[in-house]
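**Q** please find the sequence and the predicted model below.
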Amino acid sequence: MGSSLEAGIWLAAVAPFVAAILAPYIQRFAGAFAGWILAIIPASIFIYLLGFADTVIHGETVSNAIEWIPAYGINLSFLVDGLSLIFALTISGVGTLIILYAGAYLAGHHHQGRFLGYMLAFMGAMLGLVLADSLMALFLFWELTSVTSFLLIGFDHSRQAARRGAIQALVITNIGGMFLLAGAILVYQLAGSWEMSAVREMGEVLRGSDLYLLVLICFLGAAFTKSAQFPLHFWLPNAMEAPTPVSAYLHSATMVKAGVYLLMRLNPVMGDTVAWETVLPIFGGATLIFGTLLALRQTDLKLLLAYTTMASLGLLVMLTGFGTEKAAAGAVLYLIAHSMFKGGLFMVAGNVDHEAGTRDITRLGGLRA
């Protein structure tokens, strides 16, 4: 692996933020073609990350670090391994299609450039989250996903429901962020490192510590709020007040998958204990069942899809909690599949809403004609 390729890992997270700043200006000059131009960024990131596939397949990892707060040994460090690569390719790949869709969906909207900027910043936050190796870098991008999702969910700020949904998502996920910060500090105190690649070798130390349950509660609090696990699920359906491109991206490849990613990342360190293999399957299973039952009652297309997302997240958490190799492989495969079909379903729902003027399935008969 060439050094230039390694050194550019951090650019995968930074490039969408640069594009976000430029988005309003690009939209002003390119008009209806802004989405096509801006989609070049996530498409390029996808191609760049695909270059790591051969290295990762052979069991190797690639890392890069930028000195951040040297007095406390904190770096902005990034790592590409199998897990981070799968998530990053999903985020950038689905993100490319969503940016193209958003460019057409909001064509002619007087704030289209700002919207595309928010979407790209959201993408950058999520890419930084899954590529981060430092726990503090992970926390930084974790909170950025909350802030950017707040801007996107509340984009139509003239509507009270949109403002309420945005504030609710921000408050709940930021509480989870505080749990994550507390867990990161505790891990540093126990393992002596902020780097998750180093902490991974300290699994026995963490599992044998008297503070294990406290650390577990902190990380579960972070993951369950972000990935809408029962009974902390209530913010997710309200997030559908966002424009459809946001719902398609948030529910398929971005923020709601962050909690699942955290649990998958911590599985080698925190897993293989009675607490882990009891709590995750119970709460994940309850979320799966509860989300499915609530979905059956809905007549709003987006609300129906939101509750099925909740059910899918419960399934992913449950599989992660089982701790077996086959369960982990099943979780990863379903994660990729869910990202693909859920993004597509939301975009179809958006097309129906855009053309028919309603998402109520009781009023959508006869669309074929």
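**A** Thanks, I have the structure now.
**Q** chain center to stretch 53-61: distance?
**A** 23 Å (CA atoms, centre = their mean, to the nearest Å).
**Q** check which residues of that stretch are buried.
**A** Of all the residues in stretch 53-61, those buried under the rule 16 or more other CB atoms under 10 Å are 55-56, 61. Backbone N, C-alpha and C define where each C-beta goes, glycine included.
**Q** kindly reformat those residues as TSV containing secondary structure.
**A** What follows is these, written out as TSV (DSSP: H, G, I helix; E, B strand; the rest coil):
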residue	secondary structure
Thr55	helix
Val56	helix
Thr61	coil
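**Q** now distance to Met126 and pLDDT too, for those residues, in JSON lines please.
**A** Below are those laid out as JSON lines (distance: CB to CB, whole Å; pLDDT from 0 to 100):
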{"residue": "Thr55", "distance to Met126": "22", "pLDDT": "89"}
{"residue": "Val56", "distance to Met126": "19", "pLDDT": "91"}
{"residue": "Thr61", "distance to Met126": "20", "pLDDT": "88"}
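**Q** how about TSV for those, with distance to Ile167 added?
**A** Below are the buried residues of stretch 53-61 laid out as TSV (distance: CB to CB, whole Å):
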residue	distance to Ile167
Thr55	43
Val56	39
Thr61	39
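**Q** out of those, which comes closest to Leu120?
**A** Within those, distances to Leu120 taken as CB to CB reach their minimum at Val56, with 25.5 Å.
**Q** flag the shaky bits of the chain, pLDDT-wise.
**A** Filtered on pLDDT under 70, the chain yields the residue ranges 1-7, 367-369.
**Q** those strands in it, which residues are they?
**A** All strands of the chain, identified by DSSP state E, fall at 62-69, 74-80.
**Q** deepest of the ones you listed, which one?
**A** Ranked by mean neighbour count, the strands of the chain are led by strand 74-80 with a mean of 23 (mean count of other CB atoms under 10 Å).
**Q** which other helices and strands contact it?
**A** Counting contacts by 3 or more CB pairs under 8 Å, 6 or more residues apart in numbering; DSSP states H and E, strand 74-80 is packed against helix 9-30, strand 62-69, helix 112-131, helix 135-153.
**Q** for the first one, buried residues please.
**A** This points to helix 9-30. Within helix 9-30, judged by 16+ other CB under 10 Å, the buried ones are 9-10, 12-13, 15-17, 19-20, 22-24, 26-27.
**Q** picking up where we left off before, closest one of the buried residues of stretch 53-61 to Gly285?
**A** Closest to Gly285 out of the buried residues of stretch 53-61 is Val56 (31.2 Å), distances taken as CB to CB.
**Q** distance check, that closest one against Ser193.
**A** According to CB to CB, to the nearest Å, Val56 and Ser193 sit 22 Å apart.
**Q** then Thr299?
**A** For Thr299, the distance to Ser193 equals 51 Å [CB to CB].
**Q** looking at the two, which is more packed in?
**A** Neighbour count, other CB atoms under 10 Å: between Thr299 and Ser193, Ser193 has more, with 17 against 12.
**Q** tell me the contacts of the more buried one?
**A** The neighbours of Ser193, taking CB atoms under 8 Å, 6 or more residues apart in numbering as the test, are 73, 199, 202.
**Q** next: Pro42.
**A** By CB under 8 Å, 6+ apart, Pro42 lies in contact with 16, 92-93, 95-96, 99, 120, 123.
**Q** can you do 7 Å?
**A** Residues counted as contacts of Pro42 (CB atoms under 7 Å, 6 or more residues apart in numbering) are 92, 95-96, 99, 123.
**Q** what is the nearest of those to Leu180?
**A** Closest to Leu180, out of all of the contacts of Pro42 and judged by CB to CB, is Met123, at 20.3 Å.
**Q** close enough to count as contact, that closest one and Pro16?
**A** Yes. Taking contacts as CB atoms under 7 Å, Met123 lies within contact range of Pro16: 4.5 Å.
**Q** re earlier: okay if I get the contacts of Ser193 as CSV plus neighbour count?
**A** Formatted as CSV, the contacts of Ser193 follow (neighbours: other CB atoms under 10 Å):
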residue, neighbour count
Gly73, 15
Val199, 25
Met202, 16
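**Q** looking at these, which are in helices?
**A** Filtering those for membership in helices, criterion DSSP state H, returns Val199.
**Q** make JSON lines out of the strands of the chain and add distance to Gly271.
**A** Shown next, in JSON lines, are the strands of the chain (distance: least, CB to CB, whole Å):
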{"stretch": "strand 62-69", "distance to Gly271": "23"}
{"stretch": "strand 74-80", "distance to Gly271": "19"}
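**Q** if we can go back for a sec, what's the closest of the buried residues of stretch 53-61 to Phe87?
**A** Checking the buried residues of stretch 53-61 one by one against Phe87 (CB to CB), the nearest turns out to be Val56, at 12.2 Å.
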